[in-house]
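Asker: Mind folding the following:
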Amino acid sequence: MLAAIATLLLAVAATPVPKATGPIPVTADSYPFMATNKSTPALDLSKVGYVEEEYLVSGAANVYDWAPDGAVSVKTPNAPYTTRILVRRPTSGFSGTVVVELLFPARRFDWSMMWGFSHDYIIDHKDAWVGITLPGSADGLKKFNPIRYANVSFANPSPNAPCPGAQNNTAAASEDGLRWDAISQVGALLKSDLMRAQYLFLTTQGADVATYANAIHATLQNGKPVYDGYLLKAPFTMGRINQCAPALAANDPRQMIKDVGAPVIAVAAQGEIIGGTFAFRREDSDEAKDRFRLYEVASAGHIDKSAYFGFPAQSTQVAAVGTAQGTVDWPFNAQCTPEIPLMEPSLIGFVFNASFAALDQWVRKGTPAPRAPRIELKDPGTPQGSVVADKLGHGLGGVRTPFIDVPDATYFTSSPGPGTCREMGHKVPFDAAKITELYGSRKNYASRFAETVDRLLKERWLTEGDAKRLKQALNAGSN
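Answerer: The predicted structure is shown next:
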């Protein structure tokens, strides 16, 4: 009965606008973690007509439970939190769209992975970008600058309550479950006088955006959800709704993204399908309550060089968590065998950019996002499952890029070696004889590549900015 009452109360509660403190002053000794001019590579936003600002955001958040039937209820109400947001916005000509990224906490510090993939598109389109710090990175901020980030907190409102599955059945000092209301309230803040945003698109790698879309979007916001669309980078599994909640089983119906009520585009690299996103394949839909697209990117690997554009400098990493992996050029402790560079170009990055553009048109004009075939698989769902490839080794079907439709190299979605190498793609360029065999001449190759860029632009698989950059690079390489 109490859970039912709590759920009923949620349905009539509007999303409050939290308190924002800032922009926080920047000095030689106190500046934002992940500031663009101190990251790798450094970027002077003023040269592209942008400014960077940082705010602390404080409010009261509920901790929720998520029942097997999908019902969301309040477990603990009105717990205080303070997070930080990093804002990058145009100084003039703002489009009204904000890409809101949940900063990836896998290394215990903030990582703007999606900014790395899509900063060119964001700047081309005059969108703003806002990164939100999640509980997993809060300690890293406080260690990086104890004074600047002294107030950042996701303190557990029930520290003495039993926590099944935790060490000694004891809850942690922070509560991950506070992030859901913090995300909603940051969105409400951005649509308030702080930025007067018209449209908000939420994105990140992994479970948090998928979980927010499935559990939080329509349930908690009085029929007026804060976010207008979602871009998911695989994996698509759901996360825990609070730190003590059990993990959802693979076959739990809540794992499938469905009936969100706003457009959702889920993007998976070819290298993520077998043993990963295949389990979450579903049909595309244009139904008003279930607007959905799944894009599988042919011959793309899970991670590439673009994910590390704007990565915190190594000295910044050390200040936050005490160590930094590898080097700037290879940010991992172990090399692959043989050694490879971080993969570029970013095949999946082109599709993220096209997906943001498609979301924008879907929301602003009601123009549905384009549909793409799935990547062809052999024996899917079995231990022998594999991708069906063409004679050059590239996957058939899926979303295509010029580099796969008119290749001058073989693209691999993984690499031999320890640790993350299985997620790291690499390429082997064709020699002159292979180019002649396939195209007759390098000039013919360039002509076909340019024609493919034009076709993919028309079909909305490339943005105008990416098409222009690809042709400029093609021309530069031909000279």
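Asker: State the distance from residue 110 to residue 321.
Answerer: Residue 110 is 11 Å from residue 321, where distance means C-beta to C-beta, to the nearest Å. Yep, even glycine has a C-beta here, placed from its N, CA and C like the rest.
Asker: More neighbours: which of these two?
Answerer: Taking neighbours as other C-beta atoms under 10 Å, residue 110 and residue 321 compare with residue 110 leading, 28 against 17.
Asker: Assign a three-state SS to the more buried one, would you?
Answerer: What DSSP: H, G, I helix; E, B strand; the rest coil gives for residue 110 is coil.
Asker: One more: residue 187?
Answerer: Put simply, residue 187 is helix when judged by three-state DSSP.
Asker: which residue is nearest the centroid of the protein?
Answerer: Nearest residue to the geometric centre of the chain (C-alpha atoms, centre = their mean): residue 204, 2.3 Å.
Asker: if we can go back for a sec, can you work out which residues contact both of residue 110 and residue 321?
Answerer: The contact sets of residue 110 and residue 321 overlap at residue 140 (C-beta atoms under 8 Å, 6 or more residues apart in numbering).
Asker: would you list every one of the strands in the stretch 251-400 of the chain?
Answerer: Applying DSSP state E, counting those that start in this stretch to the stretch 251-400 of the chain gives strands spanning 264-269, 285-287, 290-297, 311-312, 377-378, 386-387.
Asker: what angle do the first one and strand 290-297 make?
Answerer: Okay, so that is strand 264-269. Interaxial angle of strand 264-269 relative to strand 290-297 (axes from the mean of the first three to the mean of the last three C-alpha atoms, to 10 degrees): 10 degrees.
Asker: What's the mean pLDDT across strand 264-269?
Answerer: The average of the pLDDT scores along strand 264-269 is 98.
Asker: Quick check: buried residues in the biggest strand by length in the chain?
Answerer: Under DSSP state E, the strand in the chain containing the largest number of residues is strand 72-90. Within strand 72-90, the residues scored as buried using 16 or more other C-beta atoms under 10 Å are 72-76, 79, 81-90.
Asker: Name the nearest of the residues you listed relative to residue 34.
Answerer: Relative to residue 34, the closest of the buried residues of strand 72-90 is residue 86; by C-beta to C-beta it sits at 6.3 Å.
Asker: Around the closest residue to the closest one other than its chain neighbours, how many other residues sit close by?
Answerer: Of all residues not flanking residue 86 in the chain, residue 131 sits nearest, at 4.4 Å (C-beta to C-beta, 6 or more residues apart in numbering). Neighbours of residue 131 under the rule other C-beta under 10 Å: 27.
Asker: isn't residue 376 right up against residue 395?
Answerer: Yes. Residue 376 is within contact range of residue 395, at 7.1 Å (criterion: C-beta atoms under 8 Å).
Asker: Tell me which of these two has more neighbours.
Answerer: More crowded of residue 376 and residue 395, by other C-beta under 10 Å: residue 395, with 26 against 17.
Asker: At which residues are the helices of the stretch 351-479 of the chain located?
Answerer: For the stretch 351-479 of the chain, the helices defined by DSSP state H, counting those that start in this stretch cover 402-405, 432-439, 442-458, 464-478.
Asker: can you pull the buried residues of the last one?
Answerer: If I follow you right, that is helix 464-478. Buried residues in helix 464-478, counted by 16+ other C-beta under 10 Å: 466, 467, 469, 470, 471, 474.
Asker: Would you tell me what the next helix or strand after the lowest-mean-pLDDT helix or strand in the chain is?
Answerer: Lowest on mean pLDDT, DSSP states H and E among the helices and strands of the chain sits helix 2-11, with a mean of 46. Later in the chain than helix 2-11, the nearest helix or strand by DSSP states H and E is strand 19-21.
Asker: Just the mean pLDDT for that following strand, thanks.
Answerer: For strand 19-21, the per-residue pLDDT averages 98.
Asker: Contacts for the helix or strand where the residue nearest to residue 86 lies, please.
Answerer: According to DSSP H and E, residue 131 maps onto strand 128-132. Contacting residues not belonging to strand 128-132 are listed as 34, 83, 85-90, 94, 97-103, 110, 112, 115, 119, 122, 182-183, 186, 190, 195, 197 [C-beta under 8 Å, 6+ apart].
Asker: That strand to strand 72-90, inter-axis angle?
Answerer: Angle between the axes of strand 128-132 and strand 72-90 is 130 degrees (criterion: the same axes, to 10 degrees).
Asker: roughly how far is strand 128-132 from the heart of the chain?
Answerer: 12 Å (C-alpha atoms, centre = their mean, to the nearest Å).
Asker: CA atoms only: put that strand into CSV for me.
Answerer: Written as CSV, here are the backbone C-alpha positions of strand 128-132 (Å, rounded to 0.1, in the frame of the first residue of the first chain):
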residue,chain,number,x,y,z
ALA,A,128,25.5,23.4,-26.1
TRP,A,129,27.1,20.5,-24.3
VAL,A,130,26.7,19.9,-20.6
GLY,A,131,28.5,17.2,-18.6
ILE,A,132,27.1,15.9,-15.3
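Asker: So which elements touch the helix or strand that comes right after that strand?
Answerer: Per DSSP H and E, the first helix or strand lying C-terminal to strand 128-132 is helix 135-144. Applying 3 or more C-beta pairs under 8 Å, 6 or more residues apart in numbering; DSSP states H and E, we find helix 135-144 packed against helix 314-321.
Asker: so how far is the helix it packs on off the chain centroid?
Answerer: Distance of helix 314-321 from the chain centroid (C-alpha atoms, centre = their mean) equals 22 Å.
Asker: Outside of it itself, list whatever touches it.
Answerer: Residues contacting helix 314-321 (C-beta under 8 Å, 6+ apart): 33-34, 38-40, 107-109, 140-141, 143-144, 312, 323-325, 327-328.
Asker: again, 10 Å this time
Answerer: For helix 314-321, the surrounding residues in contact (C-beta atoms under 10 Å, 6 or more residues apart in numbering) are 31, 33-35, 38-40, 107-111, 137, 139-145, 311-313, 323-328, 331.
Asker: Mind giving me the ChimeraX command for buried ones among those?
Answerer: Restricted to buried positions by 16+ other C-beta under 10 Å, the ChimeraX selection for the contacts of helix 314-321 reads:
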select :31,33,34,35,39,40,107,108,109,110,111,137,139,140,141,142,143,144,145,311,312,313,324,331
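Asker: where are the low-confidence patches of this protein?
Answerer: In the predicted model, the chain carries pLDDT under 70 at residues 1-13, 220-223, 478-479.
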